[in-house]
Structure formats: C-alpha cells, structure tokens
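A.B. asks: What would the 3D arrangement of this be:
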Amino acid sequence: MISARDIQVQIGKTPILHGVDFTAKPGQVTAIVGPNGSGKTTLLRALTDEVPWTGNIAINGQDINTYKPWELAAIRGVLPQAATLAFPFTVIEVVRMGLQSGIHGEQDSIVQQALHTVGLVG
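C.D. replies: Numbering: from 1, shown residues only. From the prediction side, this is the model:
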C-alpha cells in the first residue's frame with residue numbers, strides 16, 4: 001500500500017500541492033484524475049521523490065525516508081510516459097540494474113528470462 005498524508009509541494013514560491021492525502025491499496029486499481037494543471041504529475045513526482053515535498057509518504061506502512069535506496073528500488077517502480085537514457089548502456093545492462101543487489105545481482109539467467117518474457121531475446 002502507498003499512502004500519502006498532507007503532501008505539499010512548492011516550486012519556487014508557487015504552491016503546487018497543499019494538504020493532499022492519497023492511498024493506493026494492493027490489488028485495487030487507483031486512478032488520479034483532474035484537469036490539466038491540477039497537480040496529478042506533481043503528486044506522482046512527490047511519491048517517487050523526484051520533487052521536494054513535505055508531509056508523510058509510506059509504503060506498506062513504513063515511511064519512505066527510512067528505506068535504503070536499493071530497498072525502495074526493489075519495491076517501487078515507475079513507468080513514465082516517455083523515457084530517454086542519457087548513458088551508453090546496453091539493454092541487458094539496463095535490465096540488470098533492475099535486479100536487487102545481493103544474491104541475485106549477478107544472475108544473467110534472470111536477465112535473459114525477463115527479456116524473453118517481453119520478447120526481446122534475439
């Protein structure tokens with residue numbers, strides 16, 4: 001579950017979000033709707049720590065500030081509308097980055113299986 005309480009985002013001197021509460025429960029579809037400029041993307045950017053925010057954001061009841069970066073990467077994924085890689089990695093190297101470090105980090109069979117699953121093995 002992802003929960004956010006009293007989320008506030010300010011860009012420069014302009015308040016973008018103020019007092020937003022949000023909950024997304026596992027197994028349920030959650031939609032964020034609103035007119036253009038209402039703060040939907042800013043809320044998602046706050047939830048993924050891409051913009052400075054105040055308030056409380058928790059995943060599975062634990063404040064996201066208490067997770068290590070690799071722990072957050074293992075439980076939270078973001079799929080933007082468009083993405084560009086600004087570095088010269090291969091597809092296999094990018095997929096390998098998605099593996100949690102530790103015991104599974106160097107297992108190429110996991111990378112190959114993931115690529116096969118999405119039809120990217122040649």
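A.B. asks: all contacts plus neighbour counts: C-alpha atoms, from now on.
C.D. replies: OK.
A.B. asks: these two touch, right, Asp6 and Gly55?
C.D. replies: Yes - assessed by C-alpha atoms under 8 Å, Asp6 is found in contact with Gly55 at 5.0 Å.
A.B. asks: The longest helix along the chain packs against which elements?
C.D. replies: Secondary structure of the chain per DSSP state H: the longest helix is helix 108-117. Contact here means 3 or more C-alpha pairs under 8 Å, 6 or more residues apart in numbering; DSSP states H and E; on that basis helix 108-117 packs against helix 91-97.
A.B. asks: Distance from the helix it packs on to the middle of the chain?
C.D. replies: 17 Å (C-alpha atoms, centre = their mean, to the nearest Å).
A.B. asks: Convert the C-alpha atoms of it to CSV, please.
C.D. replies: Coordinates of each C-alpha in helix 91-97 appear next as CSV, following Å, rounded to 0.1, in the frame of the first residue of the first chain:
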residue,chain,number,x,y,z
VAL,A,91,19.5,-3.4,-22.9
ILE,A,92,21.0,-6.2,-20.8
GLU,A,93,22.8,-3.7,-18.6
VAL,A,94,19.7,-1.7,-18.1
VAL,A,95,17.6,-4.7,-17.2
ARG,A,96,20.4,-5.9,-14.8
MET,A,97,20.0,-2.6,-13.0
